[in-house]
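Student: Give me a 3D structure for the following:
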Amino acid sequence: MLKGRDLLSIHDLSVEEIEEILALAQELKAQQRGGKGYKLLKGKTLGMIFEKSSTRTRVSFETGMYQLGGQALFLSDRDLQIGRGEPIQDTARTLSRYLDGIMLRTFGHDNLVEFAQWATIPVINGLTDLLHPCQALTDMLTIREFCGKNLRGLKLAYVGDGNNMANSLMYACAKMGVDFTAATPEGYEPDAQIIQNARADAHKLGTFISLTHDAAEAVKDADILYTDTWISMGKESEADKRRHDFAGYQVNRALLQLAAKRAIVMHCLPASRGEEITADVFEENAGIIFEQAENRLHTQKAILALTMGD
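Tutor: Modelled structure (predicted):
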C-alpha cells in the first residue's frame with residue numbers, strides 16, 4: 001500500500017498502513033537480532049538531505065539502508081546547490097533521476113511539502129519543525145513492546161513543549177486508539193490545525209485528545225509519560241526564557257508518582273538531565289529510552305522497504 005508513496009505525516013496514513021509498518025519493523029528487528037537480514041533494497045540508493053544536524057536520524061537511516069542491501073548518501077545543504085539558491089523544484093527533479101528515495105530533515109515543513117510535490121520518487125520526512133513522524137511511529141512500536149500489542153485504552157501524557165514531537169505523537173495516538181494529553185505552558189501549545197485533525201481521527205476510535213497547562217492533571221493515571229527537550233534546535237536564543245517558562249514541567253519522581261503504577265517514561269533524545277527530566281528518572285527508564293532509540297533503526301527500515309521496495 002505504501003510502495004512509491006511519500007511519508008510526510010502520520011495523518012496521511014491509514015491505521016492499516018501503520019500496522020503494516022509496525023509489523024515489518026518487528027520482523028526486521030527479530031531478524032537483525034537473530035543475525036540474519038533481508039536485502040530488500042539491494043541496489044537501491046537513498047539520498048539523505050540534512051539542513052538540521054542529527055545523531056540518531058543520520059546513523060539509523062544510513063545503517064538501515066546498508067542492512068537492507070542498499071546505500072545512503074549524506075547530503076548537507078552545503079553539498080547541494082539548494083544551499084546556494086537553486087529552486088527546490090529543480091533539486092527535487094534532478095535528484096529523482098539519480099536516486100530511489102529521499103529523506104529530508106529540515107526546518108520549514110513547507111519546504112518538505114514542496115520538495116515532495118516535485119520529486120518523482122518517495123520522500124520521507126526525517127524531521128521538520130512541525131512534524132517528526134518516524135520518531136512517533138518508532139514510539140508506537142516501543143509502547144507495544146513494553147505495554148502490549150493492543151494499545152487501545154492506554155493513556156499517554158506528554159509534558160513539555162508542544163513541538164514537532166507533541167504534534168506527531170498526537171497523530172499517532174489518535175490513529176492507534178491511545179488517549180493523549182499534552183501539558184504545556186501557555187503559549188507553547190501544539191499546532192492548532194494538528195489538534196483539530198487529530199481529534200477528528202480520534203473520534204473514529206473513541207479516543208480522547210486533551211490539552212492542559214497543568215502537568216499533574218495530565219499525568220494522572222497515565223500509562224506512558226513522554227517528554228522532550230525544552231530547547232529544540234533553532235530555539236537556542238530562547239534558552240533562558242524557556243527554562244523559566246518550563247520550570248513546572250519537569251518529569252521527576254513527584255510527577256511520576258501521579259501516573260499509573262507501572263507507567264513507563266519515554267524520551268526521544270537528546271536529553272538534558274535536570275531540565276525536562278531528572279537524572280534519576282531518566283536512568284531508571286534508560287532501558288526503555290534506549291530501546292526506543294534502537295527502534296528508530298527498525299521502524300525506518302520498514303518505512304524504507306515499504307516505500308522504496310519492488
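Student: now the strands: where do they sit in this protein?
Tutor: 45-50, 71-76, 101-105, 123-127, 155-159, 179-183, 209-212, 224-227, 264-267 (DSSP state E).
Student: Now find how far off-centre the fifth one is within its chain.
Tutor: Same thing as strand 155-159. 15 Å (Cα atoms, centre = their mean, to the nearest Å).
Student: Contacts for that strand next, please.
Tutor: Strand 155-159 has contacts (Cβ atoms under 8 Å, 6 or more residues apart in numbering) with 143, 165-166, 169-170, 173, 178-183, 215, 218-219, 221-227, 249-251, 255, 259-260, 276. C-beta: built from backbone N, CA, C; applies to glycine.
Student: In contact with W230, which residues?
Tutor: G160, D161, R242, R243, F246, Y249, S272, E275, E276.
Student: rerun that using 10 Å as the cut-off
Tutor: Residues near W230 by Cβ atoms under 10 Å, 6 or more residues apart in numbering: 160-161, 163, 185, 188, 238-239, 242-243, 245-247, 249-250, 272, 275-276.
Student: Can you say which of the contacts of strand 155-159 are buried?
Tutor: 143, 165-166, 169-170, 173, 178-183, 215, 218-219, 222-227, 249-251, 255, 259-260, 276 (16 or more other Cβ atoms under 10 Å).
Student: any idea how far I143 lies from G177?
Tutor: 11 Å (Cβ to Cβ, to the nearest Å).
Student: okay, the residue nearest in space to the middle of the chain: pLDDT?
Tutor: Among the residues of the chain, the one closest to the centroid is Q135, at 2.0 Å (Cα atoms, centre = their mean). pLDDT, Q135: 98.
Student: Can you verify my assumption that it contacts N163?
Tutor: No. Using Cβ atoms under 10 Å, Q135 is not in contact with N163; the gap is 11.2 Å.
Student: okay, and the common contacts of these two?
Tutor: With contacts taken as Cβ under 10 Å, 6+ apart, Q135 and N163 have D228 as neighbours in common.
Student: Pull the number of nearby residues for A239.
Tutor: Using other Cβ atoms under 10 Å, A239 is surrounded by 12 other residues.
Student: mind listing what it touches?
Tutor: Contacts of A239 (Cβ under 10 Å, 6+ apart): W230, I231, E275.
Student: now, which of the residues you listed sits nearest L99?
Tutor: I231 (33.5 Å; Cβ to Cβ).
Student: ok, and the closest non-adjacent residue to the closest one?
Tutor: Leaving out its chain neighbours, the residue that sits closest to I231 by Cβ to Cβ, 6 or more residues apart in numbering is A239, at 5.1 Å.
Student: Over to Q89?
Tutor: Q89 sits nearest to W118 (Cβ to Cβ, 6+ apart), 4.1 Å away.
Student: quick one: the one you found and D100, what's the gap?
Tutor: Taken as Cβ to Cβ, the span from W118 to D100 is 16 Å.
Student: who's more crowded, those two?
Tutor: Between W118 and D100, counting by other Cβ under 10 Å, D100 is the more crowded of the two (20 against 17).
Student: In this structure the more buried one contacts L68, no?
Tutor: No. D100 is beyond contact range of L68, at 11.3 Å (criterion: Cβ under 10 Å).
Student: Give me the common contacts of the two.
Tutor: L41, K44, L46, L304, M308, G309.
Student: From C173, how far out is the spatially closest residue to the fifth one that is not a sequence neighbour?
Tutor: Taking Cβ to Cβ, 6+ apart as the measure, M308 lies nearest to G101, with 4.3 Å between them; neighbours along the chain are not counted. The span separating G101 from C173 equals 27 Å under the rule Cβ to Cβ.
Student: repeat for A279
Tutor: According to Cβ to Cβ, A279 stands 28 Å off from C173.
Student: Next one: L256 from A263, what distance?
Tutor: Applying Cβ to Cβ, the value for L256 to A263 is 7 Å.
Student: and for these two, which residues touch both?
Tutor: If you check L256 and A263 against Cβ under 10 Å, 6+ apart, the residues they both contact are V219, A222, L225, N285.
Student: Can you tell me which of those residues is nearest D139?
Tutor: Taking Cβ to Cβ as the measure, D139 lies nearest L225 of the shared contacts of L256 and A263, at 12.2 Å.
Student: hang on, that closest one packs against R253?
Tutor: No. Shown here, L225 and R253 do not form a contact pair, counting by Cβ under 10 Å, at 11.5 Å.
Student: list residues touching both of the two?
Tutor: Common neighbours of L225 and R253, using Cβ under 10 Å, 6+ apart, are V281.
Student: in the longest helix along the chain, what's buried?
Tutor: Assignment by DSSP state H gives helix 286-308 as the longest helix of the chain. The neighbour-count check on helix 286-308 (16+ other Cβ under 10 Å) flags 288-289, 292-308 as buried.
Student: Nice, that's everything, thank you.
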